[in-house]
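A.B. asks: requesting a structural model of the entry that follows:
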Amino acid sequence: MNTRSSVLLLSTILLLPLPARSADDAVVPNEALVLDGLPAVPKALAERASAYMEFRTASFQAWNPLRPEMLVTTRFGDVPQLHRVKAPGAARTQLTFYPERILGARYRPKTADIVFSKDVGGGEWFQLYLRDDKTGKVTLLTDGKSRNQGGAFSKDGTWMAYTSTKRTGKNGDIWVMNPSDPAKTDRLVVEGSGENLFVTDWSPDGKTLLVVEGISVNESRQWLVDVAAGVKTRFSPESKEQVSWGAGRFSPDGKTVYTTTDADSEFSRLVAVDVATRKIEVLTPGLSWDVQGFDLSEDGTKLAWAVNEAGAETLHAMDVKTRKAIALPKIPYGTIGGLRWDTAGRSLGFTLTSAKSPADACAIDTQTGVLNRWTESETGGLDASAFAEPEIVSWKSFDGKTITGLLYRPPASFAGPRPVIVNIHGGPEGQSQAGFLGRNNFFLNELGVAILYPNVRGSTGYGKTFVKLDNGVLREDSVKDVGALLDWIGAQPGLDKGRVMVTGGSYGGYMTLASMTHYNDRFRCALDVVGISNWVTFLEHTEAYRRDLRRVEYGDERDPKMREFLEKISPLASAGKITKPMFIVQGRNDPRVPYTEAEQMVGAIKKNGGPVWYLLAKDEGHGFSKKKNQDFLFLATLKFVDDNLLK
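C.D. replies: Modelled structure (predicted):
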């Protein structure tokens, strides 16, 4: 359930008409964007920043079962689409052509047919599609209305199990279908009590599903589901404490399940569980960091896994029979995602991201020990190898807890103490990790602004006790971590405590708003992207399928005492304390944080006479995914920073 931090690229209010702008001197926003209070963005600024808007990324999705080639997602137009890559460095051949992004994809076993996921307008009502390899024909597999996720296949490729809300619109149930004939074969297997059941694997005989039930970031369970009978049996052991169990994989003989858990540990470890006896063998003893993800080769002879070490990841592999390590080449300092062995169990594919290179599809040949970059994403003509890498910094918070963060410093050519952007991750069960900053490199290299990504209490990656430190009535303790960070910045000779901006998306948007209500006099300005302004209205109006999961983390607004507390700590209740410039960004179709959260905050700040810019995208959801919208948001942010942080 770990989530990676990124800057989200980002009616009750009467939106004012945009003043007439000359096409000769100002950037003209596209028709999907609604602006309120934003000044004109000079074209000269767009020209200066143009190279920083031309980064691409590529994400590894799967190995073709029939041919030695990769399936990746990358963007040639406005949004990421599926592409085929036949060899390291070979051309990317586009397979899908939609105005909306492709979220993920996998091959159907024994074939080169592809099942992929797509939504519309960022609403996250995901639909599953089947692309026929021979004809290129695409078939909609789901109902076109509900939310559908997953797509785990039986070993022979006949059956696909997935999670869908189609029964009630709220509950995530497990369904099974034959994608070759979805209309006749689609059937409900087991009902869920919320959107919290996910199939992670089929048993080799095709009779049993391994299912994870998510309850919170700290608690999840595993079940074995009899596909024919629709009966689920608890697989993970009962525990008096909250224990998290991750995705699992059956061994080829069905006798062992490989999975991750933090049982009897502060951190998530890779384990092997005997299906018959439930005996657990820890495969990564002594770890003081989380196992981030893993994969088992198809023949069951090799395991590979990534370990999140203070925000960067290391890659490991072992021979399953001997339990001995398999030598792997050193991976650049960064993050690893989507680990997958090829059918032969020789090549290990993954997505690699570092501060000096955008996300790209890579693979290690474990026989030769060679790391190959299968895609080389463009960097707008800029030399990414010169980009700054982060340094890990730490400070003591109000209660003596040590809080850490990643600090990116601008080049030494910028003299004197530097302005700072504090960028707080979402989640809240997330973590800022060492990765590619993309457009944000402009702040470092061209404006001389330092960027600091704090991992306040409640972040993952530092043990399950640390994750719980902001739950319920402890919510504002994480805000106090930001206050302690401001003290730390004030003591750094290379940083300018008088020019600090705070920003964040989703939960990071709440943290941005809350930081401004607590430390308005210490920040110069703030940018909130799809942030929560009122905990009660958020919990009442976030989509029904995710409401109960959020109540576990934030508190149940239906309880009178908790409701009173949530109202009290909501930024909306203290909007009058914000007098510094605010920029609020929102997607109209956001299912997680409804757009009304942004609009009520904008209205309250205006009512109190505070300066506020508001940007709404009518074709986006929880953050901006379309390049044309991302580009305008970036340029507007540059204008905001120039006007309010630098001057």
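A.B. asks: give me the neighbour count for Val176.
C.D. replies: Residues lying near Val176 (other CB atoms under 10 Å) number 22. In short, each C-beta sits where N, CA and C put it, glycine included.
A.B. asks: and it, what does it touch?
C.D. replies: Trp159, Met160, Ala161, Tyr162, Thr185, Asp186, Arg187, Val189, Val227 (CB atoms under 8 Å, 6 or more residues apart in numbering).
A.B. asks: what pLDDT does it get?
C.D. replies: pLDDT recorded at Val176 is 98.
A.B. asks: can you select the buried ones among the contacts of Val176 for me in PyMOL?
C.D. replies: Entered in PyMOL, the line below selects the buried ones among the contacts of Val176, by 16 or more other CB atoms under 10 Å:
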select buried, resi 159+160+161+162+186+189+227
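A.B. asks: mind putting the contacts of Val176 in JSON lines, pLDDT and distance to Gly169 included?
C.D. replies: Output for the contacts of Val176, formatted as JSON lines (pLDDT from 0 to 100; distance: CB to CB, whole Å):
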{"residue": "Trp159", "pLDDT": "98", "distance to Gly169": "25"}
{"residue": "Met160", "pLDDT": "98", "distance to Gly169": "22"}
{"residue": "Ala161", "pLDDT": "98", "distance to Gly169": "20"}
{"residue": "Tyr162", "pLDDT": "97", "distance to Gly169": "16"}
{"residue": "Thr185", "pLDDT": "97", "distance to Gly169": "23"}
{"residue": "Asp186", "pLDDT": "97", "distance to Gly169": "17"}
{"residue": "Arg187", "pLDDT": "97", "distance to Gly169": "19"}
{"residue": "Val189", "pLDDT": "97", "distance to Gly169": "19"}
{"residue": "Val227", "pLDDT": "97", "distance to Gly169": "24"}
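A.B. asks: specify the local secondary structure of the closest residue to Trp535 other than its chain neighbours.
C.D. replies: Leaving out its chain neighbours, the residue that sits closest to Trp535 by CB to CB, 6 or more residues apart in numbering is Leu566, at 3.8 Å. In three-state terms, and counting by DSSP: H, G, I helix; E, B strand; the rest coil, Leu566 is helix.
A.B. asks: so how many other residues sit close to Leu566?
C.D. replies: The tally of other residues near Leu566 (other CB under 10 Å) stands at 24.
A.B. asks: next one: Leu646
C.D. replies: For Leu646, using other CB under 10 Å, the count is 14.
A.B. asks: so which residues of the chain form helices?
C.D. replies: For the chain, the helices defined by DSSP state H occupy 43-49, 182-185, 441-445, 464-467, 477-490, 507-519, 535-541, 544-554, 560-569, 595-607, 627-641.
A.B. asks: how about low-confidence regions in the protein?
C.D. replies: 1-23, 194-195 (pLDDT under 70).
A.B. asks: for it, what's the longest strand?
C.D. replies: Using DSSP state E, we find that the single longest strand of the chain is strand 495-505.
A.B. asks: against which helices or strands is that one packed?
C.D. replies: strand 418-424, helix 477-490, helix 507-519, strand 525-529 (3 or more CB pairs under 8 Å, 6 or more residues apart in numbering; DSSP states H and E).
A.B. asks: got the CA coordinates for the longest one in PDB?
C.D. replies: Extracted as PDB, the C-alpha positions of helix 477-490 are listed here (Å, rounded to 0.1, in the frame of the first residue of the first chain):
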ATOM      1  CA  ASP A 477       1.500  16.700  15.000                       C
ATOM      2  CA  SER A 478       2.600  16.300  11.400                       C
ATOM      3  CA  VAL A 479       1.900  20.000  10.900                       C
ATOM      4  CA  LYS A 480       4.100  20.800  13.900                       C
ATOM      5  CA  ASP A 481       6.900  18.800  12.100                       C
ATOM      6  CA  VAL A 482       6.700  21.600   9.400                       C
ATOM      7  CA  GLY A 483       7.100  24.200  12.100                       C
ATOM      8  CA  ALA A 484      10.200  22.500  13.300                       C
ATOM      9  CA  LEU A 485      11.400  22.300   9.700                       C
ATOM     10  CA  LEU A 486      11.100  26.100   9.500                       C
ATOM     11  CA  ASP A 487      13.300  26.400  12.600                       C
ATOM     12  CA  TRP A 488      15.800  24.200  10.900                       C
ATOM     13  CA  ILE A 489      15.800  26.200   7.700                       C
ATOM     14  CA  GLY A 490      16.300  29.300   9.700                       C
END
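A.B. asks: ok so, going back, ok, the residue nearest to Trp535 touching Gly555?
C.D. replies: Yes - contact status for Leu566 versus Gly555: in contact at 5.8 Å, counting by CB atoms under 8 Å.
A.B. asks: any residues in contact with both of the two?
C.D. replies: Trp535.
A.B. asks: just to revisit the earlier point, most tightly packed of the helices of the chain?
C.D. replies: Counting by mean count of other CB atoms under 10 Å, helix 507-519 has the highest mean neighbour count of the helices of the chain, with a mean of 26.
A.B. asks: can you state the direction angle for that helix and strand 495-505?
C.D. replies: Put simply, helix 507-519 runs at 130 degrees to strand 495-505, going by axes from the mean of the first three to the mean of the last three CA atoms, to 10 degrees.
A.B. asks: helices or strands next to helix 507-519 in the packing?
C.D. replies: With 3+ CB pairs under 8 Å, 6+ apart as the test, helix 507-519 has strand 418-424, helix 477-490, strand 495-505, strand 525-529 packed against it.
A.B. asks: mind putting the ones you listed into CSV with distance to Leu66?
C.D. replies: Shown next, in CSV, are these (distance: least, CB to CB, whole Å):
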stretch, distance to Leu66
strand 418-424, 43
helix 477-490, 49
strand 495-505, 40
strand 525-529, 42
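A.B. asks: among these, which comes closest to Leu447?
C.D. replies: strand 418-424 (7.9 Å; CB to CB).
A.B. asks: could I have the CA atoms of that closest one written out in CSV?
C.D. replies: Output in CSV follows, covering the C-alpha atoms of strand 418-424 (Å, rounded to 0.1, in the frame of the first residue of the first chain):
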residue,chain,number,x,y,z
ARG,A,418,18.6,30.6,-1.4
PRO,A,419,14.8,30.7,-1.4
VAL,A,420,13.2,27.4,-0.5
ILE,A,421,10.1,25.5,-1.7
VAL,A,422,8.9,23.0,0.9
ASN,A,423,7.0,20.3,-1.0
ILE,A,424,4.9,17.9,1.1
